[in-house]
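Visitor: Okay, sequence plus prediction incoming.
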Amino acid sequence: MTLILENALDFKRFKNVFFLNLILSLLLFGFLFSEESTSKIIIFSLSLICLTLTFLLFSKKGLICNNENVIKIISLFGIIIKIKHFQLYKNSHLNHKKFISSNNYQAHHIFDRTFHVEENFFVLYLNEQNLSTLHSQDKFDQALSFIESNSNLML
């Protein structure tokens, strides 16, 4: 059974990769209309980088589970790109932790307000190895019930 959970990149990384892809696309657009002969190599390399970054933006992370092992996957439009196996043993155990990430954006002026952002993220551990990091409580509960129903692991 396969469960696709959420984007492979969190929001901060997604934003950084998006803007990098935008800047490289603008450079590629500029080199498309140049007259130099060396620009063909630059056009080819920039187009490969932009295509790779675009695929990275649309990648999703998920889980495949059966009785013998749990597999962490990264997929792109349903095609599995990266696989990491976690073997299940008789004494295998599933743990989870909840973390709170907070950022304080300081004001530049004494009369401006400070902006405080907190977000929760959840980490699943299988045999003390990081199985997955999730940013949504709903997806976390869905992953736990998926693993418990498709394997012999209990929380």
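Guide: Thanks, I have it.
Visitor: Show me where the protein has its helices.
Guide: For the chain, applying DSSP state H gives helices covering 11-32, 39-57, 137-150.
Visitor: Check what pLDDT M1 gets.
Guide: The model reports M1 with a pLDDT of 78.
Visitor: Report the separation between N7 and S136.
Guide: Distance, N7 to S136, using Cβ to Cβ, to the nearest Å: 10 Å. Every C-beta, even on glycine, is put in place using the N, C-alpha and C of the backbone.
Visitor: which one of the helices of the chain is the most hemmed in?
Guide: Stretch with highest mean neighbour count among the helices of the chain: helix 137-150 (a mean of 16; mean count of other Cβ atoms under 10 Å).
Visitor: Now that one: average pLDDT?
Guide: Mean pLDDT, helix 137-150: 86.
Visitor: residue ranges with poor pLDDT in this protein?
Guide: Applying pLDDT under 70 to the chain flags the ranges 37-39, 102-117, 154-155.
Visitor: Next up, the contacts around the residue located most distally from the centre of it.
Guide: Distance from the C-alpha centroid of the chain, by Cα atoms, centre = their mean, peaks at E35 (39.4 Å). Contacts for E35 (Cβ atoms under 8 Å, 6 or more residues apart in numbering) come out as none.
Visitor: State the phi and psi torsions of it.
Guide: Note on E35: backbone dihedrals following degrees, to the nearest 10 are phi -100, psi 0.
Visitor: what's near enough to touch the nearest residue to S136 once chain neighbours are set aside?
Guide: Setting aside the residues directly before and after it, S136 is nearest to E6 in space (Cβ to Cβ, 6 or more residues apart in numbering), at 6.5 Å. For E6, the contacting residues are 60-61, 134-136, 139, by Cβ under 8 Å, 6+ apart.
Visitor: what is E6 paired to in the beta sheet?
Guide: According to DSSP bridges, the residues that bridge with E6 are K61.
Visitor: Quick check, H85 in contact with N66.
Guide: No. Applying Cβ atoms under 8 Å, one finds H85 not in contact with N66, separated by 11.2 Å.
Visitor: Would you check how far apart L56 and G30 are?
Guide: For L56, the distance to G30 (Cβ to Cβ) stands at 23 Å.
Visitor: same question, N130
Guide: Taken as Cβ to Cβ, the span from N130 to G30 is 41 Å.
Visitor: Tally up the residues packed near the spatially closest residue to L131 that is not a sequence neighbour, please.
Guide: Spatial nearest neighbour of L131, chain neighbours left out: L124 (4.2 Å); criterion: Cβ to Cβ, 6+ apart. Here the number of neighbours of L124 (other Cβ atoms under 10 Å) works out to 22.
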